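> Build me a model:
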Amino acid sequence: YLGGPITGIQQPVHYDFKARRDTPNELRAYFRKMGWRKVVAFQTRNPLHRAHQELTFRAARMAEANLLIHPVVGMTKPGDVDHFTRVRCYEAVLDQYPASTTHLSLLNLAMRMAGPREALWHAIIRKNHGLTHFIVGRDHAGPGKNSQGVDFYGPYDAQELVAQHQAEIGIEMVDFKQMVYVQEKAQYYPVDEVPEGSTVLDISGTELRRRLREGLEIPEWFSFPEVVKELRRTSPPRAKQGFTVFFTGLSGSGKSTIANALMVKLMEMGGRPVTLLDGDVVRKHLSSELGFSKEHRDINIKRIGYVASEITKNGGIAICAPIA
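This is a model prediction of the structure:
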């Protein structure tokens, strides 16, 4: 309910990938310096795999333009790969593009997953950054399905809306269908151009996560070895991830005895650091000021849970044995 002139005080401060965070003015200056008159932007919130590379190659060829890989690095969809990992993946595949044709710049923007109108907003943002073309893919910024399992928007609704307004915005849309790998041809094709009778190979995001989780092979036709290496660093197989074992029971029920036995066996196996959060030790070092009221017991358990989660998150094994 407020209106009026806006005064910018300062840009948000970012400590990561500073050299990759260009302002609109800096990007425009870079394009002038490179002599790029036409530049097509590719937005992504996922790591780049071979299908994405093929899509961007085709887009740049179609528009006779240079390429800007312009990923969003703000808040995104739950379950997405974190932007630190994604940027390392982007940097790893930059060498796959011809020299002096492609630039990587990070856009500090949160995804709303709002469908076609968000795609239009993304196009306006790219116009403000000095881009002449913008790739709008299948189901761009799509929110997925509603509670009845029906898609909120059709797969190409975003492309249709951006196409309606591209002249008004002053940026040309490059539309692309989903890219799939054709085994017989050993190359990628848009899904509607696949030769009849061909074998189509594809790996979904769910299947990729499963393969990472279980340490299974990810074929080279799907992704670059450098990208897979970065993803495995962030998502190691289950056998290398941390975990928590939580024993609980009344005083004297044998929690500490079993917890100690488990700790010794895990240390005998080796491979991951093991920490025992025994009730008495925690009471002495972490919760010495607490009593044994219901409220204080709950606080004690929350503290144990927090410490265990930090150990687990960093690849260690936490064994908890508090009284309850």
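> now the helices: where do they sit in the stretch 1-150 of the chain?
Using DSSP state H, counting those that start in this stretch, the helices assigned to the stretch 1-150 of the chain run over residues 24-34, 50-63, 83-93, 116-128.
> Out of the ones you listed, the one nearest residue 160 is which?
When those are compared by C-beta to C-beta, helix 116-128 sits nearest residue 160, at 7.5 Å. Just so you know, the C-beta spots here come from the backbone N, C-alpha and C atoms, and that holds for glycine as well.
> Any chance of TSV for the helices of the stretch 1-150 of the chain, columns mean pLDDT and mean neighbour count?
Formatted as TSV, the helices of the stretch 1-150 of the chain follow (pLDDT from 0 to 100; neighbours: other C-beta atoms under 10 Å):
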stretch	mean pLDDT	mean neighbour count
helix 24-34	97	14
helix 50-63	93	19
helix 83-93	95	19
helix 116-128	97	20
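> Out of the ones you listed, flag the one nearest residue 184.
helix 50-63 (16.4 Å).
> Can you name every helix or strand that that closest one contacts?
With contacts taken as 3 or more C-beta pairs under 8 Å, 6 or more residues apart in numbering; DSSP states H and E, helix 50-63 sits against strand 39-42, strand 66-69, strand 133-136, strand 172-175, strand 179-182, strand 187-190.
> can you redo those strands as CSV with distance to residue 48, mean neighbour count and mean pLDDT?
Shown next, in CSV, are the helices and strands packed on helix 50-63 (distance: least, C-beta to C-beta, whole Å; neighbours: other C-beta atoms under 10 Å; pLDDT from 0 to 100):
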stretch, distance to residue 48, mean neighbour count, mean pLDDT
strand 39-42, 9, 26, 98
strand 66-69, 7, 24, 97
strand 133-136, 13, 27, 96
strand 172-175, 17, 20, 94
strand 179-182, 12, 20, 93
strand 187-190, 13, 16, 92
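> Tabulate those strands (CSV), appending distance to residue 305.
CSV is the format used below for the helices and strands packed on helix 50-63 (distance: least, C-beta to C-beta, whole Å):
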stretch, distance to residue 305
strand 39-42, 42
strand 66-69, 40
strand 133-136, 44
strand 172-175, 48
strand 179-182, 44
strand 187-190, 46
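> Would you mind saying which of those strands lies nearest residue 201?
When the helices and strands packed on helix 50-63 are compared by C-beta to C-beta, strand 179-182 sits nearest residue 201, at 4.5 Å.
> Other residues contacting the closest one?
Residues from elsewhere that reach strand 179-182 (C-beta atoms under 8 Å, 6 or more residues apart in numbering): 50-52, 54-55, 187-191, 194-195, 198-202, 221-222.
> in its sheet, what does that strand sit against?
strand 187-190 (antiparallel), strand 200-201 (antiparallel) (DSSP bridges).
> Output it in CSV, but only the C-alpha positions, please.
Extracted in CSV, the C-alpha atoms of strand 179-182 (Å, rounded to 0.1, in the frame of the first residue of the first chain):
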residue,chain,number,x,y,z
MET,A,179,15.6,-32.9,-26.0
VAL,A,180,16.0,-36.7,-26.0
TYR,A,181,18.9,-39.0,-26.9
VAL,A,182,18.4,-41.3,-29.9
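> Run the chain-centre distance for it.
Relative to the mean C-alpha coordinate of its chain, strand 179-182 is positioned 22 Å out (C-alpha atoms, centre = their mean, to the nearest Å).
> Quickly find the element holding residue 275.
Under the criterion of DSSP states H and E, residue 275 resides in strand 274-278.
> Distance from the chain centre to the helix or strand immediately after that strand in the chain, please.
Per DSSP H and E, the first helix or strand lying C-terminal to strand 274-278 is helix 279-285. Chain-centre distance of helix 279-285: 38 Å, with C-alpha atoms, centre = their mean.
> who touches residue 138 in this structure?
Residue 138 neighbours (C-beta under 8 Å, 6+ apart): 155-156, 176-178.
> Who are the packing partners of the strand holding residue 275?
Using 3+ C-beta pairs under 8 Å, 6+ apart: strand 274-278 touches helix 255-269, helix 294-313, strand 317-321.
> In the sheet, which strands lie alongside it, parallel or antiparallel?
With DSSP bridges as the test, strand 274-278 is paired with strand 317-321 (parallel).
> quick one, the partner strand and helix 294-313 angle?
Angle between the axes of strand 317-321 and helix 294-313 is 160 degrees (criterion: axes from the mean of the first three to the mean of the last three C-alpha atoms, to 10 degrees).
> Only alpha carbons, please: show strand 317-321 as PDB.
The C-alpha trace of strand 317-321 is given here as PDB (Å, rounded to 0.1, in the frame of the first residue of the first chain):
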ATOM      1  CA  ILE A 317      27.700 -41.200  12.500                       C
ATOM      2  CA  ALA A 318      25.900 -40.000  15.600                       C
ATOM      3  CA  ILE A 319      24.700 -42.500  18.200                       C
ATOM      4  CA  CYS A 320      22.300 -41.000  20.800                       C
ATOM      5  CA  ALA A 321      21.400 -42.600  24.100                       C
END
